[in-house]
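Participant: structure for this input, please:
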Amino acid sequence: SAQRSNEPPPAGEMLEALLSVLLWLCEALSQRTLAALLLGRSPSDPLGRLEGHKGTIRDIAVSRDGSVAASASGDHTVKIWNLTSGSCEATCGSVPEKLTEGGEGSGHAHVVTGVCVSPNGQLVASVSLDKTLRVWGLDGEPKAV
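Facilitator: From the prediction side, this is the model:
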């Protein structure tokens with residue numbers, strides 16, 4: 001039988017284990033909880049109300065520094081929010097005139113289902129049921145499809 005050593009594991013193994021736990025915790029935390037922690041609020045407190053979409057919010061992403069959020073919506077748009085002021089800074093794409101009748105605006109041609117903010121906080125990527133991935137600047141201007 002193997003004997004247990006009373007010696008601690010090497011520092012490299014301990015660091016690797018710690019990093020694994022931290023990565024798991026980061027993945028386990030929701031975007032809302034991360035935003036609350038970055039803004040110095042309790043995760044159970046509302047962060048505020050961001051109004052403006054004409055459809056259901058499908059996804060929200062927050063920049064690493066907690067200053068910017070992007071929301072994906074059933075109205076075919078992505079909105080970029082300043083979390084300090086609570087204001088909508090830009091709308092990516094446009095809401096179709098006949099949203100419920102299959103109309104198309106500029107940008108995504110269907111429900112936007114996912115959104116993320118780039119690590120440097122300067123770009124937003126969105127995916128849609130129209131089977132496209134689009135990249136937007138924080139000013140709402142398209143950068144790539």
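Participant: how about residue 130, what does it touch?
Facilitator: By C-beta atoms under 8 Å, 6 or more residues apart in numbering, the contact set of residue 130 is 108, 109, 110. (Each C-beta comes from the backbone N, C-alpha and C, glycine too.)
Participant: grab the nearest non-local neighbour of the second one.
Facilitator: Okay, so that is residue 109. Excluding the flanking residues, the one nearest residue 109 by C-beta to C-beta, 6 or more residues apart in numbering is residue 130, at 4.1 Å.
Participant: what pLDDT is listed against residue 75?
Facilitator: Residue 75 is assigned a predicted lDDT (pLDDT) of 87.
Participant: state the distance from it to residue 81.
Facilitator: According to C-beta to C-beta, to the nearest Å, residue 75 stands 15 Å off from residue 81.
Participant: give me the next element, helix or strand, following the helix or strand bottoming out on mean pLDDT in the chain.
Facilitator: None of the helices or strands of the chain scores lower by mean pLDDT, DSSP states H and E than helix 31-38, at a mean of 53. On the C-terminal side of helix 31-38, the closest following helix or strand by DSSP states H and E is strand 57-62.
Participant: list the buried residues of that next one.
Facilitator: By neighbour count with 16 or more other C-beta atoms under 10 Å, strand 57-62 contains the buried residues 58, 59, 60, 61, 62.
Participant: could you do stretch 128-140 as well?
Facilitator: Of the residues in stretch 128-140, 128, 134, 136, 138, 140 count as buried by neighbour count, 16+ other C-beta under 10 Å.
Participant: just stretch 60-74 next, same as before
Facilitator: Of the residues in stretch 60-74, 60-63, 66-74 count as buried by neighbour count, 16+ other C-beta under 10 Å.
Participant: pick the one among those residues closest to residue 11.
Facilitator: residue 66 (32.0 Å; C-beta to C-beta).
Participant: phi, psi of that closest one?
Facilitator: As for residue 66, its main-chain torsions (degrees, to the nearest 10) stand at phi 80, psi 10.
Participant: neighbouring contacts of stretch 108-120?
Facilitator: With C-beta under 8 Å, 6+ apart, stretch 108-120 has contacts from 55, 58-64, 68-74, 76-78, 93, 123-130, 132, 134.
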